[in-house]
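Peer 1: here are the coordinates; sequence isn't available:
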């Protein structure tokens, strides 16, 4: 399905009525990007006189093939609320500030942020200074998840053959690539709290599962583009730093399960803007990606075992 065949898709300049902070507002996208699993936009909010008063980030739960995911909107909204309730001082949750349910759209503050993988591609030296902050904030968030889980008994609890007996709050989208540093007016990382976003569906699971998600995602920072970094495989120094940061929560069985999950998802869910692009991506993932994931498993095991000695 192409954008031109579906008038409900976010389009540049086409107004959308959004319930924003309890009031009905008209927003107009000024830029739109179709991702694999969602369509996103930066939009201006019309004031009472029709002039724009602020900008918001819109996320529409429509994938590249045009399939609408109403359930993911509900999971995302719930995940934001649950994550915001986690008592910790390292990460500020980017919360939902509005929605347009008929269009399957959630609205968030429009923030200037950069994630660790983006910084690695743009300026590795800056990334090296930001990554310790990301790991420290992620560790603080991780430590608070068992207490948050004890206050969320109504959530679905996933039984695992690994991990501790107690359960913790976890999120499907828990990933260091969903942690961002705010940028100043010159595009440089600013001081202050980091932000976490796109946490996805909340659920209960052993704390080792949440730790494995964060740990493995550190090893995936070189995944994708540019091809040079993808071919180089996981960065051993980053994985070592993550193993040290999360050392009290890591279990090899949980890590192996998370890498297996990533492998199944990435080998069978490659998307693209055309059939040729999808085929090319699947070929790259089936070759370079398989090798990358094998190396990731080896490095993760090596670093976890070294921390336990």
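Peer 2: That came through fine. What you see is a predicted model; the values in this text were computed from it and never measured. Residues are numbered from 1 along each chain as shown.
Peer 1: need phi/psi at residue 92.
Peer 2: When read as degrees, to the nearest 10, the backbone of residue 92 gives phi -100, psi 130.
Peer 1: remind me what whichever helix or strand residue 25 is part of packs against, helices and strands.
Peer 2: In this structure, residue 25 is located in strand 23-34 according to DSSP states H and E. When contacts are defined as 3 or more Cβ pairs under 8 Å, 6 or more residues apart in numbering; DSSP states H and E, strand 23-34 sits against strand 16-20, strand 39-46, strand 52-60. For glycine as for every other residue, the C-beta is placed from the backbone atoms N, C-alpha and C.
Peer 1: in TSV: those strands, plus mean neighbour count and mean pLDDT.
Peer 2: Putting those into TSV (neighbours: other Cβ atoms under 10 Å; pLDDT from 0 to 100) gives the following:
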stretch	mean neighbour count	mean pLDDT
strand 16-20	18	96
strand 39-46	20	96
strand 52-60	18	92
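Peer 1: distance to residue 84 added to the ones you listed, as a markdown table?
Peer 2: Formatted as a markdown table, the helices and strands packed on strand 23-34 follow (distance: least, Cβ to Cβ, whole Å):
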| stretch | distance to residue 84 |
| --- | --- |
| strand 16-20 | 18 |
| strand 39-46 | 21 |
| strand 52-60 | 17 |
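Peer 1: quick one: which of the ones you listed is nearest residue 284?
Peer 2: strand 39-46 (24.0 Å; Cβ to Cβ).
Peer 1: residues contacting residue 58?
Peer 2: By Cβ atoms under 8 Å, 6 or more residues apart in numbering, the residues touching residue 58 are 10, 16, 18, 27, 29, 40-43, 105-108.
Peer 1: kindly apply the preceding question to residue 251 instead.
Peer 2: Counting by Cβ under 8 Å, 6+ apart, residue 251 touches 162, 163, 208, 211, 212.
Peer 1: can you tell me how far it sits from residue 80?
Peer 2: 28 Å (Cβ to Cβ, to the nearest Å).
Peer 1: now do residue 184
Peer 2: From residue 184 to residue 80 the distance is 25 Å (Cβ to Cβ).
Peer 1: of those two, who's got more company?
Peer 2: Counted by other Cβ atoms under 10 Å, residue 184 and residue 80 do not tie: residue 80 has more neighbours, with 24 against 10.
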